[in-house]
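Undergrad: how would this look folded up:
(chains A and B)
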Amino acid sequence: MKDITIIIPVHVYNEQVKEMLIKAIESVPSDYLIHIVNPNKLESELGWLVKKYDNVTVFSAVDEDEPTDFCTLVNRGVSTCGTNWFSILEFDDEYTSIWFSNVEKEMEYKSDVSVFVPLTELNDFNNTRFVSYGNEAPWASSFSNEIGYIDNDCLQDFFDFYLTGSVFSTLDWLNSGGLKPSIKVTFWYEFLLRLTNDGKKIYVVPKLGYKHNVNRDGSLYNEYANTVTTDEADWWRELAKKECFFKKDRNKTYENNKGE
Amino acid sequence: MNKNMEKDTTVIERIQNEIEKIDKKESNIYFFVLDTKGNPSGSLAYIYNLALLLHNEDYKVSMLYQEQEEFVGVESWLGEKYASIPHYDISSGDVAVGASDILFIPEIFSNIMIQTKKLPCKRIVIMQNYDYVLEQMPMAAQWGDMGIMEAITNTDVNAELIKDIFPYVKTTTIDPFIDKMFGETKEPKQMIINIVAKDQRDINRIIKPFYWKYPMYKWVSFRDLRGFPKEHFAKLLREAAITIWVDEDTSFGYSALEAMKSGSLVIAKTTETTQKWMDGSDNSSVQLSDCCVWFDSFHQVHKIIASVVRAWITDSIPHEIADAAHESLKLYAEENTRQQLVTYVEGVLNNRKEEMKSLITYINNQENKE
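TA: Residues are numbered from 1 along each chain as shown, chains lettered A, B, ... in the order given. A predicted model of the protein is given here:
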């Protein structure tokens, strides 16, 4: 088996999720371990996956009374992963067939990189049409200090990166403290700021590695994004810039702190 | 011994000395060069490559120049090994030329062809650019008037062009080679597009409309490769996924081949003449080789760049392009050039020797008659 574990957080399960999950799993080469992280209550419903796919393990990692948000599931998944590297796959997305071969080539030459980010293709879930590329900006000249890299300077002005599909160093992730569940909307941004503050290198592999669906009804992000006002989004961004100096999640909420 | 006979003996001795110099590889091989003041030039690199190949074969090679200002040379862009070949200013009076020597004169120096007409050495023109011949030769003169009867060319196309206007000139094609410093590594390439073009207007014609027409590719970076030292130029070619090459009146196409050798996919503007490496014709059709993605008009190039970028980021560039590039490059290995050049120079020197022996025989015969 390869030294990269694929973590798929699943917070809900129904027929539509099942179809998407199969597609997502089947985009992973069979020599990569897949950990499906889910709340206890879904354990029995996801058990069939273990029988169907030799490389799949289902982790019922979150207790009934714990939050089942994306960040918590991912953090739990990483804590169970026994490989030096891991990647997060959303159950409604998929990898491209060329991603892992390309990232492995890059890993051979870039031993100082902590996160390998794919070029992402954003497609509209409802009509399967191409919307835009994601994570491409660091390949524009003068965007960052070193072409292809996401650095702290460029993050001061640009926050829109999609980190699902990326290949992370497990050690660097654990040392950084992982994702902060209380930071809504901008949790990836805060995480990137924290890593770059710590001098970690983040490289965008210039190959299309991940297909991300947007505008899906029922998606956690979509539901949340639709309720967030411009002011609140700005507040989360500014919060990310302040919180990135702390390793621990300090449980900030918009409702309690918006007057800050 | 009468005075005439004494004179003839001295002449014979001098000729024998020259023959001995050829036998001992002591004849001088001079290359006249232009000082580009540190600016890279493919034509000049070809001449220096020939010089270095002969230098490495233990021929006595020197570079000649004529410069009012300080001579800058090629060290900054070709490197020390080229700059360390001995260089002489012909105005200094340090250069002695004998009958066993060879002087190579680039086609651009019609004035040097005239100035050196009376020298006893073998003079051979290096012809790489037909336009220079048209620009520099006086209307009423031709190479024959200047005693030039032999030329080496870098391509068969140039040989044909010269034969067409000066049919009495003997031509030999010495293929250029692509330097070893250009090469592919296994390290993955970056999504950067190099542009090799002489004219800034061509660069504008490529980049600006591409960004206007394909805003989704605004993140693709272009890099103008004009004026870099050779080693840095090689590094930039090696790093980039794609190189766009525009040189419609090229006399050979070094940069395109150098990019191919560096593993960079070449998008190329079609050229006025089809060089050997560009020819992909087979028995059934005449066509350009698949070694490059060709475009005829700047109006098409944006679409081609967008398609190639998409194909590259999705690993769907047809392997036939790399295969064809490999075939084109096979024509220009250093060893081929070395063999062609050494055979040629040996041939010239041997002919020279035979001419001198014939001259000695002639002088002796004349003496005997007297």
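
Undergrad: contacts and neighbour counts: CA atoms only from here.
TA: Noted.

Undergrad: show me where pLDDT drops low in the stretch 151-260 of chain A?
TA: A:258-260 (pLDDT under 70).

Undergrad: list, one by one, the residues from it near chain B.
TA: Residues of the stretch 151-260 of chain A lying close to chain B (Cα under 8 Å from any Cα of the partner chain) are A:206-208.

Undergrad: now do 10 Å
TA: Residues of the stretch 151-260 of chain A lying near chain B by Cα under 10 Å from any Cα of the partner chain: A:205-209.

Undergrad: which residues in chain B form helices?
TA: Here chain B has its helices, by DSSP state H, at B:3-23, B:42-56, B:75-78, B:80-83, B:110-115, B:130-136, B:156-165, B:200-213, B:230-239, B:254-261, B:301-313, B:319-330, B:334-369.

Undergrad: that older thread, now secondary structure too, for the residues of the stretch 151-260 of chain A next to chain B, in a markdown table please.
TA: Formatted as a markdown table, those follow (DSSP: H, G, I helix; E, B strand; the rest coil):
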| residue | secondary structure |
| --- | --- |
| A:205 | strand |
| A:206 | strand |
| A:207 | strand |
| A:208 | strand |
| A:209 | strand |
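
Undergrad: spatially central residue for chain B, please.
TA: The centre of chain B sits closest to residue B:46, judged by Cα atoms, centre = their mean, with a distance of 3.0 Å.

Undergrad: quick one: contacts for it?
TA: Each residue near residue B:46 by Cα atoms under 10 Å, 6 or more residues apart in numbering or on different chains is listed here: B:52, B:126, B:128, B:154, B:174-178, B:254.

Undergrad: likewise residue A:152?
TA: A:144-145, A:158, A:192-201.

Undergrad: name the element residue A:123 belongs to?
TA: Using DSSP states H and E, residue A:123 maps to strand A:113-124.

Undergrad: how far is stretch B:285-300 from where the chain is centred?
TA: Distance of stretch B:285-300 from the chain centroid (Cα atoms, centre = their mean, to the nearest Å) equals 24 Å.

Undergrad: to residue A:252, which of the helices of chain B lies closest?
TA: Residue A:252 lies closest to helix B:301-313 among those, at 39.6 Å (Cα to Cα).

Undergrad: for that closest one, which outside residues touch it?
TA: Outside of helix B:301-313, the residues within contact range by Cα under 10 Å, 6+ apart are A:98, A:119, A:205-209, B:191-193, B:205-214, B:216-217, B:220, B:241-242, B:244, B:265-269, B:293-295, B:314-318.

Undergrad: residue of the stretch 1-150 of chain A closest to chain B, please.
TA: residue A:140 (4.1 Å; Cα to the nearest Cα).

Undergrad: what sits closest to that residue if chain neighbours are left out?
TA: If the residues on either side of it in the chain are set aside, residue A:140 comes closest to residue B:219, at 4.1 Å by Cα to Cα, 6 or more residues apart in numbering or on different chains.

Undergrad: doesn't residue A:132 make contact with that neighbour?
TA: No. At 11.8 Å, residue B:219 does not count as touching residue A:132 under the criterion of Cα atoms under 10 Å.

Undergrad: who are the contact partners of residue B:194?
TA: Counted by Cα under 10 Å, 6+ apart, residue B:194 has contacts B:221-226, B:236-237, B:239-245, B:259, B:264, B:266-267.

Undergrad: about what we covered before: pick the one among the contacts of residue B:46 closest to residue A:50.
TA: Among these, and counting by Cα to Cα, the member closest to residue A:50 is residue B:178, at 56.1 Å.

Undergrad: that closest one and residue B:253, how far apart?
TA: Separation of residue B:178 from residue B:253 (Cα to Cα, to the nearest Å) stands at 11 Å.

Undergrad: in terms of neighbours, single out the busier of those two.
TA: residue B:178 (23 against 18; other Cα atoms under 10 Å in any protein chain shown).

Undergrad: break the chain into its domains for me.
TA: Picking chain A for this. Domain assignment for chain A by automatic domain parsing gives A:1-92, A:93-246.

Undergrad: I was thinking of chain B, sorry if that wasn't clear
TA: Listed by automatic domain parsing, the domain ranges of chain B are B:3-178+B:334-365, B:190-330.

Undergrad: reformat these as TSV; add mean pLDDT.
TA: As requested, the domains of chain B are exported to TSV (pLDDT from 0 to 100):
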stretch	mean pLDDT
domain B:3-178+B:334-365	92
domain B:190-330	95
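
Undergrad: and these: which comes nearest residue A:14?
TA: Residue A:14 sits nearest to domain B:190-330 of all these, at 32.4 Å, using Cα to Cα.

Undergrad: please tell me how far the closest one is from the chain's geometric centre.
TA: The answer for domain B:190-330 is 21 Å, by Cα atoms, centre = their mean.

Undergrad: and the lengthiest helix in chain A, what other elements does it pack with?
TA: As assigned by DSSP H, the longest helix anywhere in chain A is helix A:230-243. Here helix A:230-243 touches helix A:187-197, helix A:254-257, going by 3 or more Cα pairs under 10 Å, 6 or more residues apart in numbering or on different chains; DSSP states H and E.

Undergrad: buried set for the longest one?
TA: Within helix A:187-197, the residues scored as buried using 16 or more other Cα atoms under 10 Å in any protein chain shown are A:187-196.

Undergrad: buried stuff in stretch A:109-119?
TA: Across stretch A:109-119, burial judged by 16+ other Cα under 10 Å covers A:113-119.

Undergrad: tell me the most buried of the helices of chain B?
TA: helix B:254-261 (a mean of 25; mean count of other Cα atoms under 10 Å in any protein chain shown).

Undergrad: kindly export that helix (C-alpha atoms) in PDB.
TA: Taking Å, rounded to 0.1, in the frame of the first residue of the first chain, the C-alpha atoms of helix B:254-261 are listed here in PDB:
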ATOM      1  CA  TYR B 254      18.600  26.500 -32.600                       C
ATOM      2  CA  SER B 255      16.200  27.700 -29.900                       C
ATOM      3  CA  ALA B 256      13.400  25.300 -31.000                       C
ATOM      4  CA  LEU B 257      15.700  22.400 -31.000                       C
ATOM      5  CA  GLU B 258      17.300  23.400 -27.700                       C
ATOM      6  CA  ALA B 259      13.800  23.600 -26.100                       C
ATOM      7  CA  MET B 260      12.900  20.200 -27.500                       C
ATOM      8  CA  LYS B 261      16.100  18.700 -26.100                       C
END
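
Undergrad: which other helices and strands contact that helix?
TA: Checked by 3+ Cα pairs under 10 Å, 6+ apart, helix B:254-261 has helix B:42-56, strand B:190-197, helix B:230-239, strand B:240-246, strand B:265-269, helix B:319-330 packed alongside it.

Undergrad: how does it look with 8 Å?
TA: Applying 3 or more Cα pairs under 8 Å, 6 or more residues apart in numbering or on different chains; DSSP states H and E, one finds that helix B:254-261 contacts helix B:230-239, strand B:240-246, strand B:265-269, helix B:319-330.
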